[in-house]
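Engineer: Structure for the following, please:
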Amino acid sequence: MKIKAYIYLSISLLYVTMGLNACKKDLGPIKDNLTVREAVLSGGFMQIPVKIGTPLQINLAVNPGNRSVTEATYTSKHPEIATYSNTGLVTGLTVGKDTITIRSGELHVWYIVNVTK
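Structural biologist: Predicted coordinates:
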């Protein structure tokens with residue numbers, strides 16, 4: 001009885017180990033992601049909170065590793081809500097939400113910019 005249990009346990013462990021290795025292979029390499037350090041999770045989306053008249057400097061990072069990014073381009077969907085300098089300084093103009101696309105090299109990401117009073 002002990003031999004059957006041992007064989008069953010050994011086969012089960014082998015199966016689990018093989019299954020985990022197969023899962024690891026399916027994941028592929030971890031890709032770099034561009035992120036904004038000032039972004040917060042709000043309403044199910046990552047948002048950048050900005051107050052009208054109070055400029056906010058966006059600080060970019062590449063993860064994993066939290067490596068700083070200094071060069072990027074900013075494309076706004078609603079330029080009447082907020083302005084963006086080429087250095088990442090955001091200034092809210094009127095209350096509302098804008099969508100900003102940020103590109104650095106081959107990486108790009110979009111965020112909602114939530115401008116409040």
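
Engineer: Just list whatever residues bridge to the residue nearest the centre of the chain.
Structural biologist: For the chain, the residue nearest the mean C-alpha position is residue 35 (4.7 Å; C-alpha atoms, centre = their mean). Note on residue 35: beta-bridge partners by DSSP bridges are residue 61.

Engineer: Wait, it touches residue 63, no?
Structural biologist: Yes - taking C-beta atoms under 8 Å as the contact criterion, residue 35 and residue 63 are neighbours in contact, 5.6 Å apart. For the C-beta atoms, the positions are set from N, CA and C on the backbone; glycine is no exception.

Engineer: What ranges does the protein have for its helices?
Structural biologist: 2-27 (DSSP state H).

Engineer: Where do the strands of the protein begin and end?
Structural biologist: For the chain, the strands identified by DSSP state E occupy 33-36, 40-42, 45-51, 56-57, 60-63, 67-69, 73-76, 82-84, 89-92, 96-104, 107-116, in order along the chain.

Engineer: can you put the ones you listed in TSV and add mean pLDDT?
Structural biologist: Shown next, in TSV, are the strands of the chain (pLDDT from 0 to 100):
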stretch	mean pLDDT
strand 33-36	96
strand 40-42	93
strand 45-51	95
strand 56-57	97
strand 60-63	95
strand 67-69	95
strand 73-76	96
strand 82-84	96
strand 89-92	97
strand 96-104	97
strand 107-116	96
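
Engineer: still on that earlier bit, show the contacting residues for the residue nearest to the centre of the chain.
Structural biologist: Under the criterion of C-beta atoms under 8 Å, 6 or more residues apart in numbering, the contact list for residue 35 reads 60, 61, 62, 63, 109.

Engineer: Can you pull the domain assignment for this structure?
Structural biologist: Structural domains assigned to the chain are 1-29, 33-116, following automatic domain parsing.

Engineer: deepest of those domains, which one?
Structural biologist: The densest packing among those, expressed as mean neighbour count by mean count of other C-beta atoms under 10 Å, is seen in domain 33-116 with a mean of 15.

Engineer: can you give me the end-to-end distance of that one?
Structural biologist: According to C-alpha to C-alpha, to the nearest Å, domain 33-116 extends 28 Å from its N-terminal end residue to its C-terminal end residue.
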